[in-house]
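S.K.: got a sequence here, can you build the structure:
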Amino acid sequence: MACGSPFPLLHLPQENLKCVLQKMRILEQICISLLSKKTMDSAREFCGFNRFSFQITVSDEIELKVGNTGILNIKCTFDDGSVVITNPSFYDSRIVFFSSQFNSKNWLKQLLYIFDSSKIDGMQFFRFDEEFQRTQFHVLKDSLTGMKIVNLCIRYAKQMLRSADVINAFLPIDRLTLEETQPLNSSQLMTLSQAMSQNIEKINLSMDLPLNNLLLTSCSDIGICRQMLTDKEINMFLKHWISGLKPELENFCICRHGPAFNRDIILKGIPYNIASLDRKIKFRDYSREVHAGGIDIYLGQENIATLVFFEYAFTFDINIAALHVVVHNSKYITLE
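M.R.: Predicted coordinates:
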């Protein structure tokens with residue numbers, strides 16, 4: 001069977017080469033990029049990979065997901081010497097690349113170079129332990145140098161001290177989420193608190209972090225989805241905020257299962273004013289919900305924060321109680 005004539009792809013004028021590459025599917029673009037240094041640079045320049053979002057998940061292996069407008073385009077799974085690239089949106093197409101001279105770090109760095117992105121939109125670590133610290137952690141730390149991590153999520157780490165290592169390795173971080181079911185000792189809590197006190201804009205907590213450690217955080221936005229603070233401790237937190245201990249904080253939200261918050265205990269000893277119900281409130285993270293009135297708290301230096309209590313039914317037998325405190329003139333609130 002006769003073979004067709006070779007197509008002189010790399011001899012095309014730049015505009016024609018760009019047009020040809022952009023007509024290819026993403027798996028074809030990646031295959032072309034791995035042929036030579038020239039095809040790699042051409043794919044990086046012309047394929048527009050940097051328009052995609054990039055998500056990394058780490059458990060027993062490293063997985064890189066590449067998507068666009070909510071659609072998963074490809075999924076890359078790394079193992080020593082090989083990378084498996086799957087396109088679930090195109091008949092679950094699957095290609096395995098292997099090189100005895102490449103390891104997971106080489107493959108990941110190669111693809112990140114082609115994709116030409118300055119940031120990772122989301123990175124999640126799931127149930128890692130001591131073995132993880134010696135393998136995937138170093139692969140990611142070396143491969144992601146200089147890249148911004150927008151969202152970092154650490155879930156159910158068996159070695160919570162390793163969470164502090166991960167946080168410190170990838171600073172600055174826009175949003176940090178921690179989920180933990182096991183209680184931490186005082187040394188672990190201090191190490192973790194120190195890691196959370198730097199270059200993080202928002203912290204989401206689904207773990208038991210005592211009041212003293214929460215006060216050590218340094219971010220503009222704190223969200224808590226756990227019954228880790230009593231109403232009295234919330235009162236103490238607000239008093240520390242009012243006294244000027246946390247000038248960087250602009251948004252504080254707690255959601256928990258169970259009964260409503262005790263407003264008398266939370267507001268005890270705090271100067272406040274109940275606003276008119278004519279005033280409408282929208283919180284940035286809950287822009288579809290409109291609240292009326294609110295309770296104004298005076299933070300000093302003419303700064304005011306509005307506190308809103310609200311409840312909603314999560315399921316027919318589970319109620320969610322929520323408390324939201326937001327500083328006026330911040331990006332987290334709109335008053336009408």
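S.K.: can you give me the strands in the stretch 1-150 of the chain?
M.R.: Using DSSP state E, counting those that start in this stretch, the strands of the stretch 1-150 of the chain run over 53-58, 62-68, 71-79, 82-87, 93-98, 119-126, 148-155.
S.K.: closest one to residue 239 among these?
M.R.: Of all the strands of the stretch 1-150 of the chain, strand 148-155 sits nearest to residue 239, with 30.1 Å by CB to CB. (C-beta placed from N, C-alpha, C; glycine too.)
S.K.: thinking again about what came up before, now distance to residue 293, mean pLDDT and mean neighbour count too, for the strands of the stretch 1-150 of the chain, in TSV please.
M.R.: As requested, the strands of the stretch 1-150 of the chain are arranged in TSV below (distance: least, CB to CB, whole Å; pLDDT from 0 to 100; neighbours: other CB atoms under 10 Å):
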stretch	distance to residue 293	mean pLDDT	mean neighbour count
strand 53-58	38	92	20
strand 62-68	41	90	19
strand 71-79	41	85	18
strand 82-87	52	88	19
strand 93-98	55	85	13
strand 119-126	36	91	18
strand 148-155	33	92	19
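S.K.: low-confidence regions, this structure specifically.
M.R.: Along the chain, the parts satisfying pLDDT under 70 run over 1-5, 90-92, 127-134, 157-161, 181, 287, 313-317.
S.K.: surely residue 144 touches residue 170?
M.R.: Yes. Taking contacts as CB atoms under 8 Å, residue 144 lies within contact range of residue 170: 6.9 Å.
S.K.: what does residue 235 show for phi and psi?
M.R.: Recorded main-chain torsions at residue 235 are phi -60, psi -40, according to degrees, to the nearest 10.
S.K.: neighbours around it, how many?
M.R.: Residue crowding around residue 235 was assessed by other CB atoms under 10 Å; the count is 19.
S.K.: so who does it touch?
M.R.: 265-270 (CB atoms under 8 Å, 6 or more residues apart in numbering).
S.K.: buried subset of those?
M.R.: For the contacts of residue 235, a burial check counting by 16 or more other CB atoms under 10 Å picks out 266-267.
S.K.: nearest to residue 111, of the contacts of residue 235?
M.R.: Checking the contacts of residue 235 against residue 111 with CB to CB, the nearest one is residue 266 at 49.7 Å.
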